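S.K.: Just a sequence and a predicted model for now, questions to come.
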Amino acid sequence: PISKNQGKSRWKLFDESMHKAAMIRLDLENDLRRATASMEAMNNEFRLLYQPIIDLSTGNIAGFEALIRWDHPELGLIQPDQFISVAEDIGTIIPIGEWTLRVACEQAVRWRKEFGDEKPLYVNVNLSRRQLVHTELITLLKNTIQQTGIRPEDLKLEITESTAMDSRFDAIEIMKRIRALGIDLAFMLNMNNHREFCALVHAIVTLAHNFDLQVVAEGIEDLDQVIQLQSMDCSYAQGYYFSRPVDSASATNLLRNGLDSMPLAA
């Protein structure tokens, strides 16, 4: 049996762990607000990596997804899954999204200038639910296109199945307004979440095609997944099977030289 003293000790430990977690969260929120206070601050602490998106019919690089990393001055490199949900909760996802969009578009313009029009070269930028419903989204997109000089068709905005099917807002109407700018939309399918559910994957791909969205399967780790996707008419994929996310210089080298090895289904 647990004595009263043991019980009190356990509650003390529980309270201390709860307090510690709350303080860590508070520090993260404050650091995020500081890091997103201006474009200059974000330039100092955030950076983008680029993961190739592969055309499954040819094995060629069709574009890149821009992936944000937070280079915290004290904690070092912080992965998105450790801060994006917090940024969503406190609203700093809006300036983070604006910074990501601008930097990715500027990089796409540099690639287009170097490689010309012969490559089907675009950059994918993730669009969260909070960004999608933000009142200034269309204005932001227009301004970014004008100020960076990116061709609208070189920019694709990624949405997930949960965002597309969220009944709390009219995703279809917002997507129509985005398309009116000449920007494409890409439907992201996370194979890590759906690895063993062929029927579900097929249903999601079919849903995306009904929305007339390009489907990009992410999280590809082996050839079996590639074969599965090809059988379902999923045209594009990305993941460690092809390449890890790399910096802009390495991504440029991949465009020049191609991937070393990219076995696809026959």
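M.R.: Sure, I can see it.

S.K.: How many neighbouring residues does residue 70 have?
M.R.: Other residues lying near residue 70 total 23 when counted by other C-beta atoms under 10 Å. The C-beta positions use only the backbone N, C-alpha and C, and glycine is treated the same way.

S.K.: cool, residue 133 as well?
M.R.: Residues within reach of residue 133, counting by other C-beta under 10 Å, total 15.

S.K.: so what pLDDT did it get?
M.R.: Listed pLDDT for residue 133 reads 87.

S.K.: Please report phi then psi for it.
M.R.: phi -90, psi 0 (degrees, to the nearest 10).

S.K.: so it touches residue 173, yeah?
M.R.: No. Using C-beta atoms under 8 Å, residue 133 makes no contact with residue 173, being 10.8 Å away.

S.K.: Next, residue 221: secondary structure please.
M.R.: coil (DSSP: H, G, I helix; E, B strand; the rest coil).

S.K.: Listing request: residues of the stretch 151-266 of the chain with sub-threshold pLDDT.
M.R.: Low-confidence segments of the stretch 151-266 of the chain (pLDDT under 70): 161, 164-169, 193-197, 260-266.

S.K.: Try it again at 50.
M.R.: Within the stretch 151-266 of the chain, the stretches with pLDDT under 50 are 261, 263, 265-266.

S.K.: where do the strands sit along the stretch 51-200 of the chain?
M.R.: 61-72, 76-78, 122-126, 155-160, 184-190 (DSSP state E, counting those that start in this stretch).

S.K.: and the residue nearest to residue 213 when sequence neighbours are not counted, what does it touch?
M.R.: What sits nearest to residue 213 in space, not counting adjacent residues and going by C-beta to C-beta, 6 or more residues apart in numbering, is residue 187, at 4.0 Å. Residue 187 makes contact with 158-161, 164, 204, 207-208, 211, 213-216, according to C-beta atoms under 8 Å, 6 or more residues apart in numbering.

S.K.: Which strand residues bridge residue 187?
M.R.: When bridges are called by DSSP bridges, residue 187 pairs up with residue 159, residue 215.

S.K.: how much space between it and residue 104?
M.R.: For residue 187, the distance to residue 104 (C-beta to C-beta, to the nearest Å) stands at 18 Å.

S.K.: what's the answer for residue 67, then?
M.R.: Here residue 67 is placed at a distance of 10 Å from residue 104 (C-beta to C-beta).

S.K.: what is in contact with these two at once?
M.R.: Joint contacts of residue 67 and residue 104 (C-beta under 8 Å, 6+ apart) are residue 48.

S.K.: out of these two, which sits in the more crowded spot?
M.R.: Set side by side, residue 67 and residue 104 show more neighbours around residue 104, with 26 against 19, by other C-beta under 10 Å.

S.K.: what's the nearest residue to the more buried one if we skip its chain neighbours?
M.R.: residue 66 (3.9 Å).

S.K.: residue ranges with poor pLDDT in the stretch 1-150 of the chain?
M.R.: For the stretch 1-150 of the chain, residues meeting the criterion pLDDT under 50 lie at 1-4.

S.K.: same thing but at 80, please
M.R.: Scanning the stretch 1-150 of the chain with the threshold set as pLDDT under 80 gives 1-17, 19, 118-120.

S.K.: From residue 81, how far out is the residue nearest to residue 213?
M.R.: 21 Å.

S.K.: Please apply the same query to residue 182.
M.R.: For residue 182, the distance to residue 81 - C-beta to C-beta - is 32 Å.

S.K.: Looking at these two, which is more packed in?
M.R.: For residue 182 versus residue 81, the count of surrounding residues by other C-beta under 10 Å is larger for residue 182: 13 against 7.
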